[in-house]
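Trainee: Sequence plus the predicted model coming up.
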Amino acid sequence: MMKFKLIIQPSALADLDEAYLWIARRSPENAARWFNRFVEALQTLVLFPNRCIVAPESEQIGREIRQLLYGRRGGRYRALFVVHGREVHVLHIRHAARTTMKPEEW
């Protein structure tokens, strides 16, 4: 089985840090666990990233963007990524309750 290379873009790292800080302000004891589990979930993209559904942003952007959903109900996040050959590029991480990204946000 051939693995993909996972590349987390600076924009996604900034999004992840922002989400961590938001959670830490409300629940410091859960923030580190949430962060570590989210990173573990991102690591699963090295195997079969195309298992994830196409994100709603794909239609507006005009290219295939997929999303990995992480969390439950009110705490669900979306990792938005593209697959280029044998590389998975995580571009953004957004809370699922937020509106879809507009083309100018990319």
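Mentor: Yep, that arrived.
Trainee: Please count neighbours and contacts with C-alpha atoms only from this point.
Mentor: Will do.
Trainee: List the contacts of the helix or strand that residue 37 is a member of.
Mentor: Assessed by DSSP states H and E, residue 37 sits inside helix 28-43. Outside helix 28-43, the residues within contact range by C-alpha atoms under 8 Å, 6 or more residues apart in numbering are 6, 16, 20, 21, 23, 24, 68, 70, 79.
Trainee: host element of the second one?
Mentor: Residue 16 is part of helix 10-26, with elements assigned from DSSP H and E.
Trainee: ok, so what distance separates residue 17 from residue 3?
Mentor: Distance of residue 17 to residue 3, given as C-alpha to C-alpha, to the nearest Å: 26 Å.
Trainee: ok, now residue 30?
Mentor: Counting by C-alpha to C-alpha, the gap from residue 30 to residue 3 is 31 Å.
Trainee: for residue 87, same thing?
Mentor: Taken as C-alpha to C-alpha, the span from residue 87 to residue 3 is 9 Å.
Trainee: Among these two, which residue is more densely surrounded?
Mentor: residue 87 (16 against 12; other C-alpha atoms under 10 Å).
Trainee: Let me know whether residue 11 touches residue 92 as I believe.
Mentor: Yes - using C-alpha atoms under 8 Å, residue 11 is in contact with residue 92, at 6.0 Å.
Trainee: thinking again about what came up before, now the helix holding residue 16 - C-alpha only, PDB.
Mentor: The C-alpha coordinates for helix 10-26 follow below in PDB (Å, rounded to 0.1, in the frame of the first residue of the first chain):
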ATOM      1  CA  PRO A  10       0.800  27.500   7.100                       C
ATOM      2  CA  SER A  11      -2.800  28.700   6.700                       C
ATOM      3  CA  ALA A  12      -4.100  25.400   8.100                       C
ATOM      4  CA  LEU A  13      -1.600  25.500  11.000                       C
ATOM      5  CA  ALA A  14      -2.800  29.100  11.800                       C
ATOM      6  CA  ASP A  15      -6.400  27.900  11.700                       C
ATOM      7  CA  LEU A  16      -5.500  25.000  14.000                       C
ATOM      8  CA  ASP A  17      -3.800  27.300  16.500                       C
ATOM      9  CA  GLU A  18      -6.700  29.600  16.500                       C
ATOM     10  CA  ALA A  19      -9.200  26.800  17.200                       C
ATOM     11  CA  TYR A  20      -6.900  25.500  20.000                       C
ATOM     12  CA  LEU A  21      -6.800  28.900  21.700                       C
ATOM     13  CA  TRP A  22     -10.600  29.300  21.400                       C
ATOM     14  CA  ILE A  23     -11.100  25.900  23.000                       C
ATOM     15  CA  ALA A  24      -8.400  26.500  25.700                       C
ATOM     16  CA  ARG A  25     -10.200  29.700  26.800                       C
ATOM     17  CA  ARG A  26     -13.300  27.800  27.400                       C
END
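Trainee: Nice, that's everything, thank you.
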